[in-house]
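1. Got a predicted structure here, sequence first:
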Amino acid sequence: MLALIACHLAALAGSLAFFFTHINLRKYPLYYLIPLVLAVYIPLSVTFLLPIDYISHHSGLVPGLSLSDKATLFSWKSAYWSTFVLTWLFLPVLQDFYRTGHHLKLNRLKESMRLNLRFQLIVLGVSVIAAVYLILEVGLSFSNMKLMIIALSHIYALVLALWLMAHGLVSVARNRWQEGNLVENLNHYYLKVSHLVDALEDTKVDLKEEILTVILLKENFTNAQYAERFVYHNWIMDLHLQIPDSLKDLVRRNYIHDSSRTITAEQVTEKFMANLATKFQKNLYNFRAYESDYDILLARIVRLQTLIEAKTTQGTSNKESIMSSLPGILPPRLNYYYQCYLKLYAARFIAVCLYGVCFIILQSEFFHSTKISLLNVLIFDTGVKNSAYLQVIISFCFFLYMLFCSLNSLTRLKLFNMYHLVPRNSDPVSACFYASYIARMTVPLSYNFITLFTSRDSVFEEWYGKSIHLTGLFNMMNNWIPRLCLIPVILTTFNVYDKLKTKLGFSSDFYGWADFDDEEAAGGDSNPERSQAKRKDLLIVEGKRIVTMELSRRGNAGSNPLRPYEARNETDTYRDSIQLESTPNTMSNRIESYHDDADDSDSPHLSIWGRLGGVIGGLKTAVGSRLPTNGRYQDERDDEENDRLFL
C-alpha cells in the first residue's frame, strides 16, 4: 500500500512540476490551478493503475500495489468521470473565462457560460443522431445512453490520440537521432528561423495596433478630467500595465501623435473595451510565445555553433578556451568530450532504442489481440513473465511512452497558431487547452493499450469495455482504428505532409494551421527532391543571416561567431552557386554539410568554396525571388527605423 501511495504522490508531484515549468503558479487563483493540476494528475495516476489492474488479473496479485476489484473499479470510475467533467465542463469554461476580454469576473463568467452553452448544444445535436442509431441497434435506456456517451467520447479521443501517437513515435526517435550529429541538428534549427521570425513580426504588427489604442485611451481618458467619472479607468490601466516595455516606448514615440488615430468618449463602450481586450490579450500571448521560442532557438544555435567550432579548432588549449564560454559544471576539457562525443553517441543509441520501441508498438497495434503481437510476446512469453513487478514496470514504461508521444505531438502541433506552451510564461488559455487534451486522451489510450494483448481480462475491461461492445459499429471502429495508425507513420516518415501541401498549393513561408514544428518546408519545383534541397539550402542561408544579424544587434556576435557552411553536394551546380556576402565579425557564409566528419583537420571543401566567390549576385537574386524580406533582416541603424517598416 505504501508503494501505491508513493506512486500517487509521484503523479501529483509530476503534475505540479509540469505546471511549475510552464506557468507562474503564484499568478493564478486556486479555482484555476486545482482543475489544471487534477487534469494532469489523473492521467499520470492512470499510467500505473492500468498495468497494476491488468497484470493482477493475469499474473496474480502484485504485493504492495494491487487493490481489490471493488477498490480498482472505484478508482477507474473516479478517474474517468473526473476527467469527463473536467474536459467537457470545467476546463472549457475556464478557457473561455480567460479568453474573453471582459474586465469584471462576473461578466467573464457569463460570457464563458454563453459560449460553452452554444458548444454543448452542438454536442447535444450529435448525441441525438447517435441516440437514433442506438434505438435502432440495441434499444434506448438510461444505461445504454450512458454507455453511448462513453463510447462516443472514446472514439473521438482515440482517433486523435492514435494519430498524434503515430506521429510522435517517428518524430521523437528521429529527433534523437538528429541530435547525434551537430551539423545536421544545427541546420535543422536554421530551417526554423525564417518561419519563426515571420510569425513573430506579424504578431508584433498586430500587437502594436492594440498597444496604440490602449495608449491613446490612457492618454485621453485617465487624466484628472475623467478619473472620477470614467467607468473604464481601471480597465484601461490594467491593459496598459500589460504592455511589454520593449514596445511601449516605441509605439508612444512614433505613433501617439498621429492625428488620424483619434478615439472619442462615445466610442468607448463595454463592447468596444471587451473586443479590444480580447484582441490585445490574444496578440500579447502570441508575442510572448514567439519571442520565447525565438530566444530559445537562438540559444540552441549559439550552443551548437560553439560546439562545432570547438570540434574543428586545432589545439587543446584553443578547444578549452571555446568550451569555457558554455555553462556547465564540468571542466572545459571534460565538457568538450561530453558534449562533442559522449552525448552524441548516447543520442544515437537512445534513438536506436526508441526506433525499436516504435516498431514493437506499431506491430502490436496492427496485430492487436493476437498471439503474434510483440508486446504480448514480450510481457507473457519471455522471462519477464516470471516477475509480476517486472511486468508492471515494462507495461508502465510502454504505456507512458505511448502517452508521451501523443502529448509531444500535441504540443508541437501548431493548431491555428492559437495555443503555445512557454517556459514559465504560458498563457492561461493554452494551459487549459493542453491540460484538457492530456486528460481527454488518456483513458481511450488506456483501453487501446490492453487491446494489444491476447486477453483483455481486467476490471477496466469489465466496466469500460461494455460501452465499446455496445454496438457493432463502436466495436468495429475500436478494432480497426489502431491498424490505421500506420497511415500517419508513413506520412511522417516520408514527409508526405509537405509533398501533399505542395501539390495542393498550400506551401507557404508562414506557419500552417496544422503543421508540426519538426516539419520542414518544400519548394514547388517540378522535381520534388531537387526542389526541396534547394528550398532547404536557401532557408539555411537565410536563417544563418538572420541569426548573425540578431546576435550582432544584441552585441553578442563577437563572443559567439558563427562558422561557415559547406555544400552538401558538390555536383549540384545550383547549390554550388549559393553563397552570401560575409557579415561583420563572422567568417564567410556557406551551407553546412549534413555529415559531421570534420574533427581536428581542415575540410577539403574550403578550397573549392574559395574559388566560388564570384557568384554572390546570383545568390541575392535567388533569395530575393523566393524569400520575402522583412524589415528585421535589413541592416538598420537602430530599432526605431526597423520597427517603422511594419506599420
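-> Yep, that arrived. Just so we're clear, the structure is a prediction, and the values are computed from it rather than from any experiment.
2. which residues does the closest residue to residue 95 other than its chain neighbours contact?
-> Using Cβ to Cβ, 6 or more residues apart in numbering and skipping residues adjacent in sequence, the residue nearest residue 95 is residue 432, 3.9 Å away. Bear in mind the C-beta positions are built from the backbone N, C-alpha and C, glycine included. Contact partners of residue 432, counting by Cβ atoms under 8 Å, 6 or more residues apart in numbering, are 36, 91, 92, 94, 95, 98.
3. Next, find the distance separating residue 275 from residue 198.
-> 26 Å (Cβ to Cβ, to the nearest Å).
4. quick revisit: of the contacts of residue 432, grab the buried ones for PyMOL.
-> Remark: buried members of the contacts of residue 432, expressed as a PyMOL selection using 16 or more other Cβ atoms under 10 Å:
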select buried, resi 36+91+92+94+95+98
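5. Helix or strand: which one has residue 390?
-> Using DSSP states H and E, residue 390 sits within helix 388-412.
6. residues of that helix that come out buried?
-> Quick answer for helix 388-412 (16+ other Cβ under 10 Å): 388, 391-392, 394-396, 398-399, 401-403, 405-412.
7. Looking at residue 275 and residue 198, which one has more neighbours?
-> residue 198 (19 against 12; other Cβ atoms under 10 Å).
8. Check the gap between that one and residue 539 for me.
-> Distance, residue 198 to residue 539, by Cβ to Cβ: 11 Å.
9. and if you look at residue 346?
-> For residue 346 relative to residue 539 (Cβ to Cβ), the value is 29 Å.
10. now residue 76
-> 49 Å.
11. ok, now residue 233?
-> Per Cβ to Cβ, residue 233 is found 48 Å from residue 539.
12. what do you get for residue 412?
-> Distance from residue 412 to residue 539, by Cβ to Cβ: 19 Å.
13. ok, residue 207 - contacts?
-> Neighbours of residue 207 in contact, by Cβ under 8 Å, 6+ apart: 247, 280, 283, 284, 286, 287.
14. how about a cut-off of 6 Å?
-> Residues in contact with residue 207 (Cβ atoms under 6 Å, 6 or more residues apart in numbering) are 283, 287.
15. what helix or strand does it sit in?
-> Residue 207 belongs to helix 182-221, assigned by DSSP H and E.
16. Could you give the average pLDDT over that helix?
-> Taken as a whole, helix 182-221 has a mean pLDDT of 91.
17. got it, and stretch 46-63?
-> Mean per-residue pLDDT for stretch 46-63: 92.
18. can you list contacts of it?
-> So stretch 46-63 is in contact with 7, 65-66, 72, 75, 79, 388, 391-392, 395-396, 399-400, 442, 446, 450, 457-460, going by Cβ under 6 Å, 6+ apart.
19. For that stretch, which residues meet the burial criterion?
-> With burial defined by 16+ other Cβ under 10 Å, the residues of stretch 46-63 counted as buried are 46-59, 62.
20. Need the max-distance pair from these.
-> 46 and 59 (19.8 Å; Cβ to Cβ).
21. List the contacts of the closest residue to residue 323 other than its chain neighbours.
-> Leaving aside its chain neighbours, residue 323 sits nearest to residue 332 (4.0 Å; criterion: Cβ to Cβ, 6+ apart). Residues counted as contacts of residue 332 (Cβ under 6 Å, 6+ apart) are 320, 323, 324.
22. give me the number of residues near residue 219?
-> As a burial measure, residue 219 scores 14 neighbours (other Cβ under 10 Å).
23. if I look at it, how far off is residue 284?
-> Using Cβ to Cβ, we find residue 219 at a distance of 20 Å from residue 284.
24. Provide the contact partners of stretch 96-111 at residue level.
-> Residues contacting stretch 96-111 (Cβ under 6 Å, 6+ apart): 112, 115, 235, 274, 277, 278, 428, 429.
25. The same query, at a cut-off of 8 Å, please.
-> Outside stretch 96-111, the residues that reach it (Cβ under 8 Å, 6+ apart) are 32, 93, 112, 115-116, 232, 234-235, 238, 270, 273-282, 427-429, 432.
26. Also stretch 352-359?
-> Contacts for stretch 352-359 (Cβ under 8 Å, 6+ apart): 169, 170, 172, 173, 176, 177, 374, 398, 401.
27. try 7 Å this time
-> 169, 170, 172, 173, 176, 401 (Cβ atoms under 7 Å, 6 or more residues apart in numbering).
28. Now do the helix or strand containing residue 253 and helix 182-221, the angle between them.
-> In this structure, residue 253 sits in helix 245-255 according to DSSP H and E. Relative orientation of helix 245-255 versus helix 182-221 (axes from the mean of the first three to the mean of the last three Cα atoms, to 10 degrees): 50 degrees.
29. quick one: buried residues of helix 245-255?
-> 247, 250, 251, 252, 254, 255.
30. Relative to residue 27, which of the residues you listed is nearest.
-> Checking those against residue 27 by Cβ to Cβ gives residue 247 as the nearest, at 21.0 Å.
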